[in-house]
Each structure stands twice: as C-alpha cells, then as structure tokens.
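S.K.: Provide a 3D model corresponding to the input given below.
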Amino acid sequence: QVQLVESGGGLVQPGASLRLSCAVSGFTLDYQPIGWFRQAPGKEREGVSCITGSDDGTYYADSVKGRFSISRDRAKSTVYLEMNNLKPEDTAVYYCAANCSSNSDYWGKGTLVIVPS
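M.R.: Reported below is the predicted structural model:
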C-alpha cells in the first residue's frame, strides 16, 4: 500500500525556519520523483518544489527560490523540505506527492504551516 505522510508543520514567526518531512512507504523512493505542493486558504494548490529521479535534480517555484531546499534520504525513505526565512505568504497546507506534477495518484494528507503577519 502506497503511503506518503507529511510532518513538521507548525506555527512560526516570520523569518523562522521549519523542516517538513515526507515519509513514504509501499514503493521504492530511490528513483521516484517527489513533489511538494501547497494550498493556501482560498487559493488553488501550487507546486513548491520537486526532486527528480536518479539524478536528484531539484526545482523550485520562484516564490521560494533561495529560501527552500529539498532533499532526499534514501535510507530513511524520506524527502525533506527545508524552509528558511518564512513569510506570511508561505502560510498553507503543504502536501507531498509521488510525482513532480499535480496529477499524481498518490498524495499525503498534508501538514499545516502558519506564519502570522
């Protein structure tokens, strides 16, 4: 059974950092592209970052470039999203998916990040 479980969200002040985790099971993480997405209240879901298959290429939305970093720990079957210098506009539910596009069949349930203004 394929599962993705996000954790690490919380309430932090502007400028703070958080590290989100996406623990996967039911499939091999080694060469699987994994994407992070977010959905803010009243807004559509948007792609935040992605780590590709065997070469671990990384991609970031313009809004998070230079602040967020994605990485993969194959031994732990976990993908991380390190978020630095958080801003109020980063407030959203963050999801990981077993794909870099939004049409993945497999999604986690999300973890909430709140950065008050």
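S.K.: from here on, contacts and neighbour counts on C-alpha atoms
M.R.: OK.
S.K.: what does the average pLDDT come to for the helix or strand that contains G35?
M.R.: For G35, the element it lies in under DSSP states H and E is strand 34-39. In this model, strand 34-39 carries a mean pLDDT of 98.
S.K.: starting from it, tell me which strands it pairs with and how they run.
M.R.: Strand pairing for strand 34-39, using DSSP bridges, gives strand 46-51 (antiparallel), strand 92-97 (antiparallel).
S.K.: with just CA atoms, put that strand into PDB.
M.R.: Presented in PDB, the C-alpha positions along strand 34-39 are these (Å, rounded to 0.1, in the frame of the first residue of the first chain):
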ATOM      1  CA  ILE A  34       8.700  13.600  -5.300                       C
ATOM      2  CA  GLY A  35       7.000  16.900  -5.300                       C
ATOM      3  CA  TRP A  36       6.000  19.400  -2.600                       C
ATOM      4  CA  PHE A  37       2.800  21.400  -3.100                       C
ATOM      5  CA  ARG A  38       0.900  23.800  -1.000                       C
ATOM      6  CA  GLN A  39      -2.600  25.300  -0.800                       C
END
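S.K.: give me the residues contacting it.
M.R.: The contact list for strand 34-39 (CA atoms under 8 Å, 6 or more residues apart in numbering) reads 45-52, 79, 81, 92-101.
S.K.: buried subset of the residues you listed?
M.R.: Buried by 16 or more other CA atoms under 10 Å: 45-52, 79, 81, 92-100, out of those.
S.K.: distance of the closest residue to L18 other than its chain neighbours relative to A16?
M.R.: Spatial nearest neighbour of L18, chain neighbours left out: M83 (5.2 Å); criterion: CA to CA, 6 or more residues apart in numbering. For M83, the distance to A16 (CA to CA, to the nearest Å) stands at 8 Å.
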